[in-house]
Structure formats: C-alpha cells, structure tokens
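Student: Got a predicted structure here, sequence first:
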Amino acid sequence: MYSAKVLNHLENPRNVGQLADATVVGTATNPVCGDSLHLYLKLADGRIAAASFTVQGCPPSIAAGSALTEMITGLTMEAARKLTPEDVTHALAGLPRNKEHCSLLAIDALRSALAQLPKDML
Ligand code: FES
C-alpha cells in the first residue's frame, strides 16, 4: 500500500512536463522494469532555479519524480549531488520494498543531469 504522501503526489503531481528553457536534461532508465524518467533543470546563480520531469513508468516513479523536483528546487548543485534514493523514499514517507528502486530512477536522472554540467558549475 502507498503512503498518503505518495498518493498525494499521484493525485497532484508537481512540476510535470518539459521545461522549455532547461539548462540541462538528465535521463535514466531502469533496465529491469523499463521505466524511464527525464529531469529538466534550469540553473541560475549557482542554484537549481526550476525543475520538472516527464516519466514513462509506474505510479511510484511519478511520485518520486514529483517529490524530487520539489526537493531540489532552490538547492545548490553541491547539495543536489548529495541527495540519495533514500532521501526521496523518505520524502514519500516510504515505498513498498519492491518499489524502492523508483526513487533510484529519479536520483539517477538527477545524477545524469549534474554529470553533464561543466566542473565550474558544480
Ligand atoms: Fe521500476 Fe517503478 S517499477 S521505476
């Protein structure tokens, strides 16, 4: 069963869609379940000024993308780099054990985006 926070993100997902003026786009695909997530980041003044996502995947991957975009908006790149899948799962008040990798999908997309940035932006 999903937590109230997961259900809230499913009923009202935040920051869905492409960011037209994204600075960078991160992509992650889970090779086992096939779910994939794109994370769009707009950077300004050394911080993540805006974030959005698109996903083809299971309900928890939607919730994870939604929660992640809320978590990272306003963060420095250094702070964003330190986030873990457990942080996303925690923000969702937990996930069923067989769905914990959905948080990893969101974090992998974040890491993909950050890996594309030049070192002086990190
Ligand atoms: Fe694989 Fe959700 S079941 S990301």
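Tutor: Perfect, thanks for sending it.
Student: for stretch 25-42, how far is the first residue from the last?
Tutor: 9 Å (Cα to Cα, to the nearest Å).
Student: who's in contact with that stretch?
Tutor: Contacts to stretch 25-42, defined as Cβ atoms under 8 Å, 6 or more residues apart in numbering, come from residues 18-19, 21-24, 48-58, 61, 64-65, 68-69, 72, 101-102, 104-106, 108-116. All C-beta atoms are positioned from the backbone trio N, CA, C, and that covers glycine.
Student: Now, of those residues, which are buried?
Tutor: 19, 22-24, 48, 50-55, 57-58, 61, 64-65, 68-69, 72, 101-102, 104-106, 108-114 (16 or more other Cβ atoms under 10 Å).
Student: can you tell me which of the residues you listed are up against the ligand?
Tutor: When contact is defined as Cβ under 6 Å from any ligand atom, these meet the ligand at 57, 58, 61, 101, 102, 105.
Student: which ones among those are found in strands?
Tutor: Among those, none falls in strands (DSSP state E).
Student: Export those residues as a markdown table, with columns for pLDDT and distance to residue 38.
Tutor: As requested, these are exported to a markdown table (pLDDT from 0 to 100; distance: Cβ to Cβ, whole Å):
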| residue | pLDDT | distance to residue 38 |
| --- | --- | --- |
| 57 | 95 | 11 |
| 58 | 96 | 16 |
| 61 | 98 | 12 |
| 101 | 97 | 17 |
| 102 | 97 | 15 |
| 105 | 98 | 11 |
